[in-house]
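# heads up, no residue letters with this:
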């Protein structure tokens, strides 16, 4: 596993991220596994955060296909997001061998989303990849 993947696993910011990390670590045995860390998979993005994390249904299907047919999978952690302009949280360089090339992006939805009220930049759901789950707890901010 690449160092950046380990660092990302250890820097979880909410309970759901902690559970992802535990699952990822459990699968690091002598069998091949793919841990798909899905950002936000909906018919269309619903808020500013999803302009970054959104994964279209078509790209999700392609990501799963790439995992199933990868010639060498080993233990791969891959962050599922479409080809969104502002993606800044995830590094998929350790999953490049899958050949996943997302086709969709959030640009068609950008103007309607940007018209919505934005969370303050210092709000936990703006600062951490856990989004709404960060404010759900149980961690103090």
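The structure has been received and is ready for your questions. These numbers were taken from a predicted model, which means no experiment stands behind them.
# can you pull out the strands in this structure?
Counting by DSSP state E, residue ranges of the strands within the chain are 33-38, 75-80.
# In the first one, which residues are buried?
By 16 or more other CB atoms under 10 Å, the buried positions in strand 33-38 come out as 33-37. In this view, the C-beta of every residue, glycine as well, is placed from N, C-alpha and C.
# what's near enough to touch the residue nearest to the spatial centre of the chain?
In the chain, the residue lying closest to the centroid (CA atoms, centre = their mean) is residue 39, at 3.5 Å. By CB atoms under 8 Å, 6 or more residues apart in numbering, the contact set of residue 39 is 50, 52-55, 79-81, 90.
# Pull up the gap between it and residue 59, please.
Distance of residue 39 to residue 59, computed by CB to CB, to the nearest Å: 10 Å.
# low-confidence ranges in the protein?
Scanning the chain for pLDDT under 70 picks out the ranges 1-30, 137-141.
# Thought residue 117 was touching residue 47, still the case?
No. Using CB atoms under 8 Å, residue 47 is not in contact with residue 117; the gap is 9.5 Å.
# The contacts of residue 39 into CSV, with extra columns for distance to residue 69 and neighbour count?
Compiled in CSV, those are given as follows (distance: CB to CB, whole Å; neighbours: other CB atoms under 10 Å):
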residue, distance to residue 69, neighbour count
50, 28, 21
52, 28, 20
53, 25, 24
54, 24, 26
55, 19, 23
79, 19, 22
80, 16, 22
81, 20, 26
90, 22, 19
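# and residue 47 and residue 117? which has more neighbours close in?
residue 47 (17 against 6; other CB atoms under 10 Å).
# hmm, back to that, dump the strands of the chain into JSON lines; add distance to residue 66 as well.
Listed next are the strands of the chain as JSON lines, based on distance: least, CB to CB, whole Å:
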{"stretch": "strand 33-38", "distance to residue 66": "9"}
{"stretch": "strand 75-80", "distance to residue 66": "8"}
